[in-house]
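K.L.:
take this sequence and fold it.
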Amino acid sequence: MRDRAFLPFVLFLVLIAVPVTLALTQSHEPRADFVFDVNSEPETIDPAFLTGQPDLRVALAIFEGLLTRDPKTLAPRPGIADRWAVSDDGLTTTFHLRPARWSNGDPVRASDFAFAWERVLTPANAAPNAEMLYPIAGASAFHKGESQDFAQVGVAAPDDSTLRVTLARPTPYFLDLCAGSAFLPVNPRAVHAHGDDWIRPEHLVVNGPFAIVDWKLRRRIRLRRNPDYWDAAHVHLATADAIFTEQASTAFNLYATGSTDWLDSSGIPPMIRDIVVKRPDCHRSPYLNTYFYRVNVTRPGLSDSRVRQALALAIDKQAIVEHITRSGQIPADHFVPPGLPGYTSPPGPAHDPERARALLAAAGYNGGSGFPPIELFFNTSDEHRPIAEVVQQQWKDVLGIRCELRNQEWKVFLASTRALDYDISRASWIGDYLDPSSFLDIFRAGHANNRTGWADPEYDRILDQAAAERDPDARAALYARAEALLTSEGPIIPIYFYVTLNCYDGSRFAGCEPNLLNLLQLKYVRRAESEVAAAR
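P.N.:
Reported below is the predicted structural model:
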């Protein structure tokens, strides 16, 4: 990143980020083989409680499920299960586990998966992604406390190398689910011995390609190739560092000066994205990810769907992607991103200031008169503040609504949104698998990732119908009805659909190419052939 046209930007970023850069680079320990920026420090690496992209990127390096995903196509491929068979009626899948070991020497057993899934579904644990296991027979009843016997859930381990899963109904994306974070195993002995502290580096037991050897608070996690991993011979990196830099200016400075090897769009300052995107080391592709605002419908004023619609209609999303994000993002008038096979979202409400004013007046707040002040809440980031400032101004200009901005560090922000301690909150959602249900199911009543206070029995009923529907076209039509209801009721305000925008030098590293979920799977990252040849 050394061409002259780019130099002024690099110098600017160096000047404003020198203290953090020095703290990260003036270390006596050797540099890792691959350094990647996960933006924020993971909230947790416990598979039962993963919610954010930083958590997932680390967890997928240290745990492996029954299945994994192809790094390019995302198709399910063998993981701890080396083969599986599906019954003719589509209800039973039998997984056969390969010989594999945990990092403490224990064999990875089929019962370890049953143990982990019971942990996710146990109501008292409040696991945020428990609903992802609902396709399994009896899982919903157990999670809702209607049954206290996990033996009634369709998960059986007849022996150490066989796991039999029975579904409540045929689920076309079930194998995709098995590659997801909620289905990862945990080591029962470690959990029983250390309780909630089992994920501390000194207690952590893993079964994936890497193990954590050091975690420096607010700085980085060091990963080392796990010699006990069943496929360790094909893990190319000896060490990797996940670093945490919430400020895009700092993150990009570290990349531009060679201190990091990979970062995504959160590490590219908005003011230079239109320049960076033209560079050969910036890789752009579609991304199954939506940037949106959650609306707390339990707050005064925001409980009226006409107000929520007015807020959505007042936002000029095209202006945001043209002048703020500047990386090819697509303005969103619905929630499910484009690109899912066999599904097209119904169009939602477009930018319409006149209709926005009329809806606000109909709700009793003509010109914003009498409307209570609100806060727009976001996690600390160079990316989110300028968007929030534009929306703040548009709501004032179009609706006469006064809005204050509030930001918090990532972990505190997540806790606040879960507690509904906000008015309107920045959010994003990345699909866990390639199906509209991955997006729409999270707004069911009581879902841990709903976080809006919104519940609609009709919405839930349509989703239940869609889940039971075998005909693909009819199923897609039902999901479209549910999505139309979601956008018309307005517990969320879609802003734009992301694109993957990752920076890395393809002449130096391979195996980190973008994919539709922007998964970075460290197992496949390796020195490019040209780099290896040069070293010789």
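
K.L.:
pLDDT weak spots in this structure?
P.N.:
Along the chain, segments meeting pLDDT under 70 span 1-28, 530-536.

K.L.:
any chance you could map the helices in the stretch 351-500 of the chain?
P.N.:
353-362, 384-399, 410-418, 437-440, 457-468, 472-489 (DSSP state H, counting those that start in this stretch).

K.L.:
who are the packing partners of the shortest one?
P.N.:
For helix 437-440, the packing partners by 3 or more C-beta pairs under 8 Å, 6 or more residues apart in numbering; DSSP states H and E come out as helix 457-468, helix 472-489. C-betas here are computed from N, CA, C, even on glycine.

K.L.:
before we move on, what about the third one?
P.N.:
Secondary-structure packing of helix 410-418 (3+ C-beta pairs under 8 Å, 6+ apart): strand 374-379, strand 424-430.

K.L.:
restrict the first one to CA atoms and write it as CSV.
P.N.:
What follows is the C-alpha trace of strand 374-379 in CSV, where atoms were taken according to Å, rounded to 0.1, in the frame of the first residue of the first chain:
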residue,chain,number,x,y,z
ILE,A,374,-35.3,9.6,21.6
GLU,A,375,-31.7,8.2,21.5
LEU,A,376,-30.1,6.5,18.6
PHE,A,377,-27.7,3.9,20.1
PHE,A,378,-24.7,2.3,18.5
ASN,A,379,-21.5,0.4,19.4
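
K.L.:
show me the contact partners of that strand.
P.N.:
40, 246, 293, 299, 301-302, 384-385, 388, 391-392, 401-410, 413-414, 416-417, 422-426 (C-beta atoms under 8 Å, 6 or more residues apart in numbering).

K.L.:
now these: which count as buried?
P.N.:
40, 246, 293, 299, 301-302, 384-385, 388, 391-392, 401, 403, 407-408, 410, 413-414, 416-417, 422-426 (16 or more other C-beta atoms under 10 Å).

K.L.:
in this structure, which strand is the longest?
P.N.:
Scanning the chain for the strand with the most residues, using DSSP state E, yields strand 282-295.

K.L.:
compute the inter-axis angle for that strand and helix 472-489.
P.N.:
Strand 282-295 runs at 60 degrees relative to helix 472-489, counting by axes from the mean of the first three to the mean of the last three C-alpha atoms, to 10 degrees.

K.L.:
what residues does the nearest residue to A455 once chain neighbours are set aside make contact with?
P.N.:
Sequence neighbours aside, A445 is the residue nearest to A455 in space, at 3.5 Å (criterion: C-beta to C-beta, 6 or more residues apart in numbering). Contact analysis of A445 by C-beta under 8 Å, 6+ apart lists A455, D456, P457, D460.

K.L.:
isn't the second one right up against S488?
P.N.:
No: counting by C-beta atoms under 8 Å, D456 sits too far from S488 to count as a contact (10.4 Å).

K.L.:
ok, so of the contacts of A445, who is nearest P494?
P.N.:
Nearest to P494 among the contacts of A445 is D456, at 17.4 Å by C-beta to C-beta.

K.L.:
tell me how many other residues surround the closest one.
P.N.:
16 (other C-beta atoms under 10 Å).

K.L.:
quick one, helices of the stretch 151-300 of the chain?
P.N.:
174-177, 188-194, 248-256, 273-276.

K.L.:
ok, of the contacts of A445, which come out buried?
P.N.:
Among the contacts of A445, the ones that count as buried by 16+ other C-beta under 10 Å are D456, D460.

K.L.:
before we move on, the earlier item: out of the helices and strands packed on helix 410-418, nearest to Y229?
P.N.:
strand 424-430 (25.7 Å).

K.L.:
and the closest one, C-alpha only, in PDB?
P.N.:
The C-alpha coordinates for strand 424-430 follow below in PDB (Å, rounded to 0.1, in the frame of the first residue of the first chain):
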ATOM      1  CA  ILE A 424     -33.400   2.700  18.600                       C
ATOM      2  CA  SER A 425     -30.300   0.700  18.200                       C
ATOM      3  CA  ARG A 426     -27.800   0.000  15.400                       C
ATOM      4  CA  ALA A 427     -27.700  -3.700  14.500                       C
ATOM      5  CA  SER A 428     -26.600  -6.100  11.700                       C
ATOM      6  CA  TRP A 429     -27.400  -9.700  11.000                       C
ATOM      7  CA  ILE A 430     -25.400 -12.200   9.100                       C
END
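
K.L.:
quick one on the thing from earlier: quick one, which of the helices and strands packed on helix 410-418 is nearest to L56?
P.N.:
Evaluated over the helices and strands packed on helix 410-418, closeness to L56 peaks at strand 424-430, with 8.4 Å, by C-beta to C-beta.

K.L.:
now do the closest one and strand 374-379, the angle between them.
P.N.:
With the same axes, to 10 degrees defining the directions, strand 424-430 sits at 40 degrees from strand 374-379.

K.L.:
any chance you could list what contacts strand 424-430?
P.N.:
Under C-beta under 8 Å, 6+ apart, the answer for strand 424-430 is 53, 287-296, 302, 311, 335, 374-379, 384, 387-388, 403, 416-417, 439, 442, 449, 451, 492-493, 498, 517-518.

K.L.:
how about stretch 118-131?
P.N.:
Here stretch 118-131 has contacts from 47-51, 133, 139, 142-145, 150, 153, 155, 180-182, 186, 191, 432, 441-442, 444, 447-449, using C-beta under 8 Å, 6+ apart.

K.L.:
buried residues in it?
P.N.:
Buried-residue list, stretch 118-131, by 16+ other C-beta under 10 Å: E118, R119, V120, L121, T122, A127, P128, N129, A130, E131.

K.L.:
for stretch 361-369, same thing?
P.N.:
A361, A363, Y365, G368.

K.L.:
for that stretch, give me every contacting residue.
P.N.:
Identification of contacts with stretch 361-369 by C-beta under 8 Å, 6+ apart yields 301, 304, 306-307, 310, 357, 360, 370-371, 399-402.

K.L.:
identify the farthest-apart pair in these.
P.N.:
R306 and R402 (18.6 Å).

K.L.:
follow-up on the earlier one: gap between the residue nearest to A455 and D460?
P.N.:
6 Å (C-beta to C-beta, to the nearest Å).

K.L.:
equivalent analysis for V186, please.
P.N.:
Taking C-beta to C-beta, one finds V186 at 30 Å from D460.
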